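Asker: heads up, no residue letters with this:
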């Protein structure tokens, strides 16, 4: 049974954005089919009863941060259970990307879908033209589902629009269950990386001091849920290429283009412990396979190094770390699962300067000056900082907005 506190919380909805629940049933003929009586019926929200999926930001800070606010998650559950009890939202057929100004039979269904969850205010507008109001409503939906907020309804946005309300209830329940079992983070200062959100937050005394997008591991090479302490930073790092990347990613490129190694500033060494370079022209690359590869690749420090200019080391059993990247353009994409398990940082210099603020390297200017020296140097942090890498796909943010993220690894929510 839901507690009185949870019931009260669920009722305190952010009235600036959304102020009504559902009412009328969406007529079956709109979907072009007869509605069998045992089935759940889709809704057409009226002006008097519209869904509310933005909660008032009234929740006290939790030891797990805003990503795992148990009271807010319980309130969100009540809202989506109410939607599920009343019926289902309309499903939108597949089709080409819809953009502002275009006309389509699917536009009215998108209106009805967004009225259900409150991104679009209930109105008598049933136009099949993609207007400005719908454009802004789509952007709101995209923002709270971790999508690129371009206002266009493409395949990724359509996929999230068509996730059923029952699936959303199950998603909230799974995340709530994990959060309820966790004791929370008692550290005054820590870094939190949420894999499905592709984000990093540095908390200090309950406040977010640094926020940045990150790139995580691709599904076939996932970033693990884990924890540790960042103890040191390497400036101008070299890259000892892991065997799987060497054999599955680089070796095929070398076979196609023997000059790839030289262009990428990659050396070939005889083994993992060897330091002496081998002339790549003396190697029969075509005879090598992932199972028969006795060499090691190492990339020299520099602007094209895969680790960028900075590497942040933390204790963990998976040999992963945080690092800079020369491929900054990837941070504009969604989703951002491109790495082989390590975490790429959009603002590596800002984070490094913050962690080294009690040293001569405590500014971005000082970091840049050290980079210009071109030497590889490792610096210990004056105060090692805990880091937690989590996998949470549903939460309520500090503004009371219920957030969902796609389950990129097809796994249960998890906290270290």
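Answerer: Everything's here; your move. Computed from a prediction, not measured in an experiment: that's the story for all the values here. Numbering: from 1, shown residues only.
Asker: okay, now residue 369: neighbour count?
Answerer: 12 (other CB atoms under 10 Å). Where C-beta positions appear, they are placed from N, C-alpha and C, glycine not excepted.
Asker: which SSE is it in?
Answerer: In this structure, residue 369 is located in helix 364-372 according to DSSP states H and E.
Asker: contacts for that helix?
Answerer: Taking contacts as CB atoms under 8 Å, 6 or more residues apart in numbering, the residues outside helix 364-372 that touch it are 235-236, 309-310, 349-350, 352-353, 356, 360-361, 377.
Asker: Tell me where the stretch 201-350 of the chain has strands.
Answerer: Applying DSSP state E, counting those that start in this stretch to the stretch 201-350 of the chain gives strands spanning 207-217, 226-235, 239-240, 266-269, 277-278, 296-299, 310-314, 322-323, 337-339, 343-345.
Asker: packing partners for the second one?
Answerer: Same thing as strand 226-235. strand 310-314, helix 348-355, helix 364-372, strand 377-390 (3 or more CB pairs under 8 Å, 6 or more residues apart in numbering; DSSP states H and E).
Asker: could those go into JSON lines alongside mean pLDDT and distance to residue 126?
Answerer: JSON lines is the format used below for the helices and strands packed on strand 226-235 (pLDDT from 0 to 100; distance: least, CB to CB, whole Å):
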{"stretch": "strand 310-314", "mean pLDDT": "98", "distance to residue 126": "53"}
{"stretch": "helix 348-355", "mean pLDDT": "98", "distance to residue 126": "48"}
{"stretch": "helix 364-372", "mean pLDDT": "98", "distance to residue 126": "53"}
{"stretch": "strand 377-390", "mean pLDDT": "97", "distance to residue 126": "42"}
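Asker: returning to what we had before: gap between the helix holding residue 369 and the chain center?
Answerer: Distance, stretch centre to chain centre, for helix 364-372: 30 Å (CA atoms, centre = their mean, to the nearest Å).
Asker: Quick check: buried residues in it?
Answerer: 366-367, 370-371 (16 or more other CB atoms under 10 Å).
Asker: What average pLDDT does stretch 265-277 get?
Answerer: Across stretch 265-277, pLDDT averages out at 85.
Asker: ugh, wrong one, I meant stretch 154-161
Answerer: So the average pLDDT for stretch 154-161 ends up being 98.
Asker: Helix or strand: which one has residue 187?
Answerer: Going by DSSP H and E, residue 187 is not in any helix or strand.
Asker: what's the neighbour count on the residue nearest to it when sequence neighbours are not counted?
Answerer: For residue 187, ignoring the flanking residues on the chain, the nearest one in space by CB to CB, 6 or more residues apart in numbering is residue 386 at 4.9 Å. If you count neighbours by other CB under 10 Å, residue 386 ends up with 18.
Asker: and what of residue 412?
Answerer: 12.
Asker: tell me the phi and psi of it?
Answerer: Torsion angles at residue 412 (phi, psi; degrees, to the nearest 10) stand at phi -70, psi 150.
Asker: what's the answer for residue 122, then?
Answerer: phi -60, psi 140.
Asker: next one: residue 163
Answerer: phi -60, psi 130.
Asker: if I look at it, how far off is residue 293?
Answerer: According to CB to CB, to the nearest Å, residue 163 stands 42 Å off from residue 293.
Asker: And residue 308, by the same measure?
Answerer: 26 Å.
Asker: buried stuff in stretch 398-412?
Answerer: Per 16+ other CB under 10 Å, stretch 398-412 contains these buried residues: 400-406, 408-409.
Asker: For residue 379, give the beta-bridge partners.
Answerer: residue 233 (DSSP bridges).
Asker: Tally up the residues packed near it, please.
Answerer: 17.
Asker: Report the contact partners of the residue nearest to residue 187.
Answerer: So residue 386 contacts 185, 187, 189-191, 227-229 (CB under 8 Å, 6+ apart).
Asker: In this structure residue 241 contacts residue 299, no?
Answerer: Yes. The criterion here is CB atoms under 8 Å, and residue 241 meets it with residue 299 at 6.6 Å.
Asker: just to revisit the earlier point, tell me which of the buried residues of stretch 398-412 is nearest to residue 94?
Answerer: Nearest to residue 94 among those, counting by CB to CB, is residue 406 at 17.6 Å.
Asker: Distance check, that closest one against residue 66.
Answerer: 20 Å.
Asker: Where does the prediction get shaky in the chain?
Answerer: Within the chain, the stretches with pLDDT under 70 are 1-65.
Asker: can you give me the helices in the protein?
Answerer: Applying DSSP state H to the chain gives helices spanning 4-11, 70-86, 106-116, 132-143, 155-161, 165-181, 243-245, 251-256, 260-263, 348-355, 364-372.
Asker: In JSON lines, list those helices along with distance to residue 288.
Answerer: As requested, the helices of the chain are exported to JSON lines (distance: least, CB to CB, whole Å):
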{"stretch": "helix 4-11", "distance to residue 288": "60"}
{"stretch": "helix 70-86", "distance to residue 288": "51"}
{"stretch": "helix 106-116", "distance to residue 288": "51"}
{"stretch": "helix 132-143", "distance to residue 288": "45"}
{"stretch": "helix 155-161", "distance to residue 288": "38"}
{"stretch": "helix 165-181", "distance to residue 288": "44"}
{"stretch": "helix 243-245", "distance to residue 288": "12"}
{"stretch": "helix 251-256", "distance to residue 288": "6"}
{"stretch": "helix 260-263", "distance to residue 288": "13"}
{"stretch": "helix 348-355", "distance to residue 288": "34"}
{"stretch": "helix 364-372", "distance to residue 288": "35"}
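Asker: Which of these sits closest to residue 319?
Answerer: helix 243-245 (11.5 Å).
Asker: who touches that closest one?
Answerer: Contacts for helix 243-245 (CB under 8 Å, 6+ apart): 221, 293, 296, 340.
Asker: which residues sit in contact with the residue nearest to the last one when sequence neighbours are not counted?
Answerer: Same thing as residue 340. Among residues not flanking residue 340 along the chain, residue 221 sits closest, at 4.4 Å (CB to CB, 6+ apart). For residue 221, the contact set (CB under 8 Å, 6+ apart) comprises 244, 339-341.
Asker: Same check on residue 153?
Answerer: Neighbours of residue 153 in contact, by CB under 8 Å, 6+ apart: 92, 97-99, 106, 110, 138, 161.
Asker: if we go to 6 Å?
Answerer: residue 98 (CB atoms under 6 Å, 6 or more residues apart in numbering).
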